[in-house]
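# My questions concern the predicted model and sequence given below.
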There are 2 protein chains.
Amino acid sequence: MKKDEYFMRLALKEAKKAYVKDEVPIGAIIVKNGKIIAKAHNLIKKLKDPTAHAEILAIKKAGKILGNERLIGTTLYTTLEPCAMCAGAIILARIDRLVFGPQDLKTGACGSVFKIINNKKNNHKVKVRKNILKEECADIIKKFFREKREKSQIIF
Amino acid sequence: MKKDEYFMRLALKEAKKAYVKDEVPIGAIIVKNGKIIAKAHNLIKKLKDPTAHAEILAIKKAGKILGNERLIGTTLYTTLEPCAMCAGAIILARIDRLVFGPQDLKTGACGSVFKIINNKKNNHKVKVRKNILKEECADIIKKFFREKREKSQIIF
């Protein structure tokens, strides 16, 4: 679906905002009926908040916008496979569909490391599409960490 | 340790605040060097926020108080076994020790349903103590849901 690429590009734009702020560049968008209802990017360092992943911040905004803690009929786009915390939040939020960029082989909880999304033990199923704009989404993250390593070599 | 029971009793006091607000009665406390640095209770309905579990709200507060997204040297007390979202957040926050009340056989992610805490795949280990004040912690949750069921029978 072309529209998945369109919304993922907007999520990537959010990731770029995080990059500029020296945050791990991950972005998320929540869409309902073809309209964006929330967008967010990682703000862990700025907010001094380990839960401030793009997905969590977007879910919190969407709940406020919809006036409901259940985000029925929504799709969440995120530029990296969600971790256990975010995957758990996606289920609690009753998000209908999850579209993500590359898999995260270190902490991904949608099959790569943990299987939180669509585990038989859950009471909520999520439609999943992965690997959307995966190179572009991965590139900005790799660039961020490469630069971090280079910087740390200069300082120490 | 007597002090675990002491802090769990305070977490239970938080759970009671949730009960009064018609929220699922779960409370959490974060302690560092014997001092409470954050306390919180479920506020999902009030905040229209599916992530507003007691543990997440307490972690967010503690990060602000410490001025650091890593809650090194802290213990989190919670009146129910954390779910996948909260267990993931506990690891991301680098919490040192987790003390919880009863196990949650529906969504517990510290061994009961999922094994997020102390999974070999994690890069952070958490010391865990469970079943502290488990009857009292479970009783208020059971009471809450029993009353919900009774109310729903009157209305419909």
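Nice, thanks for sending it over.
# Tell me if I'm right that residue A:129 and residue A:110 touch.
No - the criterion here is CB atoms under 8 Å, and residue A:129 misses it with residue A:110 at 10.6 Å. The way it works is simple: take the backbone N, C-alpha and C, and place the C-beta from them, glycine included.
# so what sits against both of those two?
Common neighbours of residue A:129 and residue A:110, counting by CB atoms under 8 Å, 6 or more residues apart in numbering or on different chains, are A:98, A:100.
# more crowded one of those two?
Neighbours per residue, other CB atoms under 10 Å in any protein chain shown: of residue A:129 and residue A:110, the larger number sits with residue A:110, 26 against 14.
# wait, does the longest helix belonging to chain A contact chain B?
Using DSSP state H to define each element, chain A has its longest helix at helix A:134-155. No - Helix A:134-155 stays clear of chain B (CB under 8 Å from any CB of the partner chain), getting no nearer than 15.1 Å.
# In terms of secondary structure, what does that helix contact?
Counting by 3 or more CB pairs under 8 Å, 6 or more residues apart in numbering or on different chains; DSSP states H and E, the packing neighbours recorded for helix A:134-155 are helix A:2-20.
# follow-up on the earlier one: gap between the longest helix of chain A and the chain center?
How far helix A:134-155 lies from its chain's middle: 18 Å, per CA atoms, centre = their mean, to the nearest Å.
# where do the strands sit along chain A?
Taking DSSP state E to define them, one finds strands in chain A at A:27-32, A:35-41, A:74-78, A:97-100, A:127-129.
# Mind giving me the packing neighbours of the last one?
Right, strand A:127-129. Counting by 3+ CB pairs under 8 Å, 6+ apart, the packing neighbours recorded for strand A:127-129 are strand A:97-100.
# Which residues does the strand it packs on contact?
Around strand A:97-100, the neighbours that count as contacts under CB under 8 Å, 6+ apart are A:4, A:7-8, A:74-82, A:90, A:110, A:117, A:126-130, A:132.
# Can you tell me the strand partners of that strand and which way each runs?
Applying DSSP bridges to the sheet, strand A:97-100 is found paired with strand A:74-78 (parallel), strand A:127-129 (parallel).
# now the ones you listed as CSV including mean pLDDT?
Below are the strands paired with strand A:97-100 laid out as CSV (pLDDT from 0 to 100):
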stretch, mean pLDDT
strand A:74-78, 98
strand A:127-129, 98
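# so who does the residue nearest the centre of chain A touch?
Centroid check for chain A by CA atoms, centre = their mean gives residue A:78 as the closest residue, at 3.2 Å. Contact criterion CB under 8 Å, 6+ apart gives A:11, A:26-29, A:54-55, A:58, A:86, A:98-101 as the residues in contact with residue A:78.
# Name the nearest of those relative to residue B:34.
Closest to residue B:34 out of the contacts of residue A:78 is residue A:86 (32.6 Å), distances taken as CB to CB.
# That closest one: how many residues sit nearby?
The number of residues packed near residue A:86 is 35, by other CB under 10 Å.
# what about it, distance to residue A:51?
Using CB to CB, to the nearest Å, residue A:86 is found at 9 Å from residue A:51.
# just residue A:98 next, same as before
Taken as CB to CB, the spacing of residue A:98 relative to residue A:51 amounts to 18 Å.
# what comes up buried for stretch A:89-107?
A:89-104, A:107 (16 or more other CB atoms under 10 Å in any protein chain shown).
# Residues contacting the lowest-mean-pLDDT helix or strand in chain A, please?
The helix or strand of chain A with the lowest confidence, counting by mean pLDDT, DSSP states H and E, is helix A:134-155 at a mean of 90. Contacts of helix A:134-155 with the rest of the structure, by CB under 8 Å, 6+ apart, involve A:8, A:12, A:15, A:16, A:19, A:24, A:25, A:26, A:79, A:80, A:101, A:102.
# try 10 Å this time
Counting by CB atoms under 10 Å, 6 or more residues apart in numbering or on different chains, helix A:134-155 makes contact with A:8-9, A:11-12, A:15-16, A:18-19, A:22-27, A:78-81, A:100-104, A:131, A:133, all of which sit outside it.
# circling back: and the contacts of strand A:97-100, which are buried?
Buried residues within the contacts of strand A:97-100, defined by neighbour count using 16+ other CB under 10 Å: A:4, A:7-8, A:74-82, A:90, A:110, A:117, A:126, A:130, A:132.
# and residue A:131, what does it touch?
If a contact means CB under 10 Å, 6+ apart, then residue A:131 has A:81, A:99, A:100, A:101, A:102, A:103, A:137 as its contacts.
# hmm, 7 Å instead?
Residue A:131 makes contact with residue A:102 under the criterion CB atoms under 7 Å, 6 or more residues apart in numbering or on different chains.
# Appreciated, that's everything.
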